[in-house]
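> What follows is a protein structure lacking sequence information:
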DNA sequence: GCCGTTTTCGGCCCGACTGTTTTCAGTCG
């Protein structure tokens, strides 16, 4: 772990975690609550929506829940000098290698310290390799407190660190969970079964797949579960839970309980962890203690069971909180006041505002694969009232301005014909196809086509497809300058991120949001599973600033138009209501918004 | 070390599972 001036959130988070572990080793009893505080700060930084260093720049570090005067002071020293005298002191005397060992599942602070001492693993370099060697030579099982079984589980866990899987995209995880649920339902003891955790909260990526069951015979259900066809290894199996690893590396946890407590089980295992911690702290103040078994009065020790999740929240004098909001982002306070918003739903969506057709305008990036007619047919099946056809702009290298205008005129004419036939066909739900385009924002902030070419469109989307690494200020100015054109209405896939593949660009969101608000520009939530961009936490910020958002599937084939629901999930996690999402407006409302 | 609609002092979420021990500590979610 190297401390330096430019530490990123994940580095700072790791550092705080290490400091927590160091306190645990040095004097657990004395530092008990420091251990907790540093761990909480670590998680808080991990989940920040902006860089900690930027917050420090603006003097807002202490506003982060979990960071107080003391940690803020230490971080201040790091950002100013690249050093931390305090952290160095805390970590002094501990072998750096032990913190590497903590990356292995099942090895915490105490175990890591013991192993690094006994096996003389001092430096960070190849710490895991040394541990692996010791395991293979059978040296670990002879250490006091270890045995044959713990040695074996360390061996397996090391190989899992090495092949650690990236998080699954939401649709993949949904599909996989669906298959396991179908298998579980073959057990006749099962009363209810639901996907839980980040899957139920519809997070953009899912790590482990969590599933909960209500069963008349939990033991038998667990036995049935571990016989799932793709099981490679059973990690653990007790009376109420079991974990398996599948051949593809997926980690599946099942929690099984009696139907009478299913409501609290559902609540408990949906999380998030932060939501649950906040909820339990809130319950404590009411003299109540929460667990997956229900709610206990701290005074009388009397227990209440809940078969339904809604009753669980009601007992706490809270309105039911949709899983998508359970991230400890203010939802408990809102539930107290009965002010949980009615979130936008897939059935509210009346349009898809980013679709690429196969109409060949010799685009700069990939052209769509389905023709306009099939797209309109599909849009009808989805019950839409209007759509926008948004191919990429004609390539700059292959065309001069005159040629670009010719191509766009051809496309405009094709769309005009489609609109004409829609007008004369009452049976169709789609009433209008918009002539749009996804225009590249060039590195200097200019657009890839001229204003004269833009004038041929109803409106344009703009997006970044090159130079992702510019600094924050340059990128921000670049985007503002692109959005400033009259015909430009939507900032599409704004961060440019590709999940598990590419981080997004750096933008000053305050500046972007302010500009969009003042100039009636919209920001897209791109529903393509590998993008889901704008990300959920920024959706929440945007909505707080009064920005209107659009949903677009970025479909390059009619099948992709079914991806709208993933975009809706992001909107929901960002607390979006119908009013925040332009696509939920009727055609006439949309027309009005377009003219603003 | 953090935090506040009972508190600027005195609390700090809760329980399952595992392995090694012989009643529990460590880890995890």
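Everything's here; your move. The shown structure was predicted, so the numbers you read here are calculated from the model rather than taken from an experiment.
> so what secondary structure elements neighbour the helix or strand residue A:564 falls within?
Following DSSP states H and E, one finds residue A:564 within helix A:564-573. Helix A:564-573 is packed against helix A:170-184, strand A:522-526, helix A:536-544, strand A:549-552, with contacts defined by 3 or more Cβ pairs under 8 Å, 6 or more residues apart in numbering; DSSP states H and E. For every residue, glycine as well, the C-beta is placed using N, CA and C.
> Turn these into JSON lines, including mean neighbour count.
Output for these, formatted as JSON lines (neighbours: other Cβ atoms under 10 Å):
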{"stretch": "helix A:170-184", "mean neighbour count": "17"}
{"stretch": "strand A:522-526", "mean neighbour count": "27"}
{"stretch": "helix A:536-544", "mean neighbour count": "20"}
{"stretch": "strand A:549-552", "mean neighbour count": "26"}
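> right, and the ones you listed - which one's nearest residue A:362?
Proximity to residue A:362, assessed across the helices and strands packed on helix A:564-573 by Cβ to Cβ, is greatest for strand A:549-552 (22.1 Å).
> Kindly report the residues of the stretch 1-150 of chain A close to DNA strand B.
A:24, A:28, A:33-34, A:36-38, A:40-41, A:62, A:64-72, A:86, A:105-112, A:141, A:144-150 (Cβ under 7 Å from any atom of the strand).
> Leaving aside the residues adjacent along the chain, what's closest to residue A:167?
Leaving out its chain neighbours, the residue that sits closest to residue A:167 by Cβ to Cβ, 6 or more residues apart in numbering is residue A:205, at 3.7 Å.
> Repeat that for residue A:329.
Excluding its sequence neighbours, the residue lying closest to residue A:329 (Cβ to Cβ, 6+ apart) is residue A:540, at 6.8 Å.
> Residue A:40: which element?
Counting by DSSP H and E, the element that carries residue A:40 is helix A:9-46.
> Just the mean pLDDT for that helix, thanks.
When pLDDT is averaged over helix A:9-46, the result is 90.
> got a list of contacts for stretch A:450-461?
For stretch A:450-461, contacts defined as Cβ atoms under 8 Å, 6 or more residues apart in numbering pick out A:353-354, A:388, A:390, A:393, A:401, A:404-405, A:408-409, A:412, A:434-439, A:447, A:485-492, A:524, A:552, A:594.
> Now which of those residues would you call buried?
Taking 16 or more other Cβ atoms under 10 Å as the criterion, what is buried in the contacts of stretch A:450-461 is A:353-354, A:388, A:390, A:393, A:404-405, A:408, A:434-439, A:447, A:485, A:487-492, A:524, A:552.
> So which of the residues you listed belong to strands?
A:353-354, A:388, A:434-435, A:438-439, A:488-491, A:524, A:552 (DSSP state E).
> can you tell me how far residue A:15 sits from residue A:38?
Using Cβ to Cβ, to the nearest Å, residue A:15 is found at 10 Å from residue A:38.
> Next: residue A:507.
To residue A:38, residue A:507 is 31 Å away according to Cβ to Cβ.
> Same question for residue A:307.
From residue A:307 to residue A:38 the distance is 39 Å (Cβ to Cβ).
> Between the two, tell me which one has more neighbours.
With neighbours defined as other Cβ atoms under 10 Å, residue A:307 and residue A:38 compare such that residue A:38 has more, 24 against 19.
> my guess is that one contacts residue A:16, does it?
Yes. Between residue A:38 and residue A:16 there is a contact at 5.2 Å, judged by Cβ atoms under 8 Å.
> what do these two both touch?
With Cβ under 8 Å, 6+ apart as the test, residue A:38 and residue A:16 both reach residue A:71.
> just the helices in the stretch 201-350 of chain A please.
Using DSSP state H, counting those that start in this stretch, the helices found in the stretch 201-350 of chain A span residues A:218-225, A:262-270, A:273-285, A:309-315, A:331-336.
> and among those, the most buried is which?
Stretch with highest mean neighbour count among those: helix A:262-270 (a mean of 25; mean count of other Cβ atoms under 10 Å).
> Run through the neighbouring helices and strands of that helix.
Using 3+ Cβ pairs under 8 Å, 6+ apart: helix A:262-270 touches strand A:190-195, helix A:197-200, strand A:209-215, strand A:251-257, strand A:288-291, helix A:309-315.
> and those as CSV, adding distance to residue A:536?
CSV is the format used below for those (distance: least, Cβ to Cβ, whole Å):
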stretch, distance to residue A:536
strand A:190-195, 18
helix A:197-200, 12
strand A:209-215, 19
strand A:251-257, 23
strand A:288-291, 26
helix A:309-315, 22
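> check contacts around the residue most central in space within chain A.
Nearest to the mean C-alpha position of chain A, by Cα atoms, centre = their mean, lies residue A:204 at 3.7 Å. Contacts for residue A:204 (Cβ under 8 Å, 6+ apart) come out as A:169, A:170, A:499, A:532, A:535, A:536, A:569, A:570.
> Thought residue A:205 was touching the first one, still the case?
Right, the one you point to is residue A:169. Yes. If you go by Cβ under 8 Å, residue A:169 and residue A:205 touch, sitting 6.3 Å apart.
> separation between the residue lying closest to residue A:186 once chain neighbours are set aside and residue A:355?
Nearest non-adjacent residue to residue A:186, counting by Cβ to Cβ, 6+ apart: residue A:224, 7.3 Å away. Separation of residue A:224 from residue A:355 (Cβ to Cβ): 44 Å.
> rewinding a little: run through the contacts of stretch A:450-461 and flag the ones next to DNA strand B.
Answer for those near DNA strand B: none qualify (Cβ under 7 Å from any atom of the strand).
> Residue A:185 - how many residues pack around it?
11.
> Which residue, other than its chain neighbours, is closest to residue A:67?
Using Cβ to Cβ, 6+ apart and skipping residues adjacent in sequence, the residue nearest residue A:67 is residue A:41, 5.4 Å away.
> and stretch A:560-574, average pLDDT?
For stretch A:560-574, mean pLDDT rounds to 97.
> Check the offset of it from the chain's centre.
12 Å (Cα atoms, centre = their mean, to the nearest Å).
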